[in-house]
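Engineer: Next come a sequence and a model predicted from it.
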Amino acid sequence: MSQAVIYVQHLSKRYEYYKKAPGLLASVKSIFHREKLFTDAVKNVSFQIDTGELVGFLGPNGAGKTTTLKILSGILYPTSGEVQVLGYTPWERKPVFQKQFSLVMGQKNQLWWDLPAMETFILNKEIYEIPQKLFDRTVNELGQLLDIIDILEVPVRKLSLGQRMKCELAAALLHQPKVLFLDEPTIGLDVTSQQNIRNFIKRYNKEKQTTIVLTSHYMDDIVELCKRVIIIDLGSIVYDGSLAELIDRHADYKLLKITFTEDVSKERLQAFGKVNDYTPKSVVLHVPKTSYKSLATKALKDLPVDDILIDEVELEEVIRDIFAATKEEKRTSISYE
Ligand SMILES: Nc1ncnc2c1ncn2[C@@H]1O[C@H](COP(=O)(O)OP(=O)(O)O)[C@@H](O)[C@H]1O
Ligand SMILES: [Mg+2]
């Protein structure tokens, strides 16, 4: 088998549940006649991740990202497939495995709400059996890096969302995990806090060589942090590779962003490419990669150009195109018993 830190082969997860009908009569009826529902949240997914990689796990809501991370963390059993994280099968929950990874979920907290973060840290120290000296050093180091030293004694409920997320990260990293799963770590945060968290993740990954899998639906997170992305849609992988190549492969056009010194009609611009974001004094043109230079030259010659900028297509747009292309498909099926 390979040297990969994370090894996932033919992983599938089907949720089975009974439809809950409202009302007493419906509940009585359901004793005799239950509608069973299935959702195929993850379908035959395979990938490998090497030591020190920081991989972005992308996909729209309901794509199966959280389900996959929960299986990799041993919180959920898969329906089928093989998973090895650091050589362990996560759902066997061996203590030696538990001590080597961490899962942080942006929408869930492990910190005690009414207590200062430090209290949770101390609890984690006991759980993970971290020696006092190492604990003190790590708290100090993470505290500096995340700029939270001053708030460690403040009850968590009094902290801002951004401060809380920083403390969550610190709590998750006290035992120096080799693998870190981050599920939407920047969700709901203001722009500055998002940036702070991002900077921290980047630096931490670089310095500690911790293997990190990060899900986010903020493309900025992904663009800034990840060289490699795995894109999942409707439970299946639709792309696994470098981010640069993804943009290169899927976007066969570039953006020509032009402002004008005087009004230009839309009709006139259509000769250059696909017209976007049009105002009489500015436009964003989608022009073929193969001819963007000559088109830019032509625009400079023929149009009252004030300023012209050639830009790459944004990841957000590329991703949107990919998801639009994967056809609509129903994932929930029903059986009666
Ligand atoms: N406990 C559950 N029971 C039934 N269906 C679920 C459960 N958790 C998630 N799902 C469904 O599985 C699919 C994948 O969900 P999830 O892994 O949370 O996606 P993501 O994290 O990419 O938004 C969705 O259709 C979701 O509704
Ligand atoms: Mg999710």
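Structural biologist: Structure received. Numbers count the residues shown, from 1 in each chain. Ligands and ions are numbered 1, 2, ... in the order given.

Engineer: Find the closest residue to ligand 2 in the stretch 1-150 of the chain.
Structural biologist: Thr66 (3.2 Å; Cβ to the ion). Just so you know, the C-beta spots here come from the backbone N, C-alpha and C atoms, and that holds for glycine as well.

Engineer: ok, that residue touching Ile187?
Structural biologist: No: in this structure, Thr66 is not within contact of Ile187 by Cβ atoms under 8 Å, at 11.5 Å.

Engineer: Which one's more surrounded, the two?
Structural biologist: Thr66 (20 against 17; other Cβ atoms under 10 Å).

Engineer: partners of the residue lying closest to that one once chain neighbours are set aside in the sheet?
Structural biologist: Among residues not flanking Thr66 along the chain, Asp183 sits closest, at 5.6 Å (Cβ to Cβ, 6 or more residues apart in numbering). Beta-bridge pairing of Asp183 under DSSP bridges involves Met105, Thr215.

Engineer: Asp183 reaches Thr215, doesn't it?
Structural biologist: Yes: Asp183 is within contact range of Thr215, at 5.1 Å (criterion: Cβ under 8 Å).

Engineer: More neighbours: which of these two?
Structural biologist: Just comparing Asp183 and Thr215: by other Cβ under 10 Å the higher neighbour count belongs to Thr215, 26 against 22.

Engineer: Phi and psi next, for Gln84.
Structural biologist: Main-chain dihedrals, Gln84, degrees, to the nearest 10: phi -130, psi 130.

Engineer: Which pLDDT value goes with it?
Structural biologist: Here, the pLDDT recorded for Gln84 equals 97.

Engineer: picking that back up, how close does the residue of the stretch 1-150 of the chain closest to ligand 2 sit to Ala41?
Structural biologist: Going from Thr66 to Ala41 by Cβ to Cβ, to the nearest Å gives 9 Å.

Engineer: can you pull out the strands in this structure?
Structural biologist: Using DSSP state E, the strands of the chain run over 6-18, 35-49, 54-58, 80-85, 101-105, 179-183, 211-215, 228-233, 236-242, 253-260, 274-279, 282-288, 305-311, 332-336.

Engineer: Could you tell me which residues of the stretch 1-150 of the chain lie near ligand 1?
Structural biologist: The stretch 1-150 of the chain comes close to ligand 1 at residues Tyr15, Tyr17, Thr39, Ala41, Gly59, Asn61, Gly62, Ala63, Gly64, Lys65, Thr66, Thr67, as judged by Cβ under 6 Å from any ligand atom.

Engineer: Closest one to Lys257 out of these, please.
Structural biologist: Gly59 (29.0 Å; Cβ to Cβ).

Engineer: That closest one: how many residues sit nearby?
Structural biologist: 23.

Engineer: Could you find the closest non-adjacent residue to it?
Structural biologist: Nearest non-adjacent residue to Gly59, counting by Cβ to Cβ, 6+ apart: Ile232, 4.1 Å away.

Engineer: in terms of contact, does that neighbour touch Val238 like I think?
Structural biologist: Yes: with contact defined as Cβ under 8 Å, Ile232 and Val238 form a contacting pair (6.9 Å).

Engineer: These two - which one has more neighbours?
Structural biologist: Ile232 (25 against 17).

Engineer: Tell me the bridge partners for the more buried one.
Structural biologist: Ile232 forms beta bridges with Ile237, as assigned by DSSP bridges.

Engineer: if we can go back for a sec, pLDDT at the residue of the stretch 1-150 of the chain closest to ligand 2, what is it?
Structural biologist: Taking Thr66 on its own, its pLDDT is 96.

Engineer: per-domain residue ranges of this structure.
Structural biologist: 1-100+177-193+205-251+316-337, 113-176, 253-311 (automatic domain parsing).

Engineer: about what we covered before: show me whatever sits in contact with both of Asp183 and Thr215.
Structural biologist: The contact sets of Asp183 and Thr215 overlap at Lys65, Thr66, Leu69 (Cβ atoms under 8 Å, 6 or more residues apart in numbering).

Engineer: residues touching Leu161, list them.
Structural biologist: Gly188, Leu189, Asp190, Ser193.

Engineer: Please tell me how far the first one sits from ligand 1.
Structural biologist: To tie it back to what came earlier, the one meant is Gly188. Using Cβ to the nearest ligand atom, to the nearest Å, Gly188 is found at 15 Å from ligand 1.

Engineer: related to what we said a few turns ago, cross the shared contacts of Asp183 and Thr215 against helices and list the overlap.
Structural biologist: Using DSSP state H, the subset of the shared contacts of Asp183 and Thr215 located in helices is Lys65, Thr66, Leu69.

Engineer: can you list the residues of this protein near ligand 2?
Structural biologist: Residues of the chain that fall close to ligand 2, judged by Cβ under 5 Å from the ion: Lys65, Thr66.

Engineer: per-residue confidence at the most centrally placed residue in the chain?
Structural biologist: Centroid-nearest residue in the chain: Thr215, 1.7 Å away (criterion: Cα atoms, centre = their mean). pLDDT for Thr215: 93.
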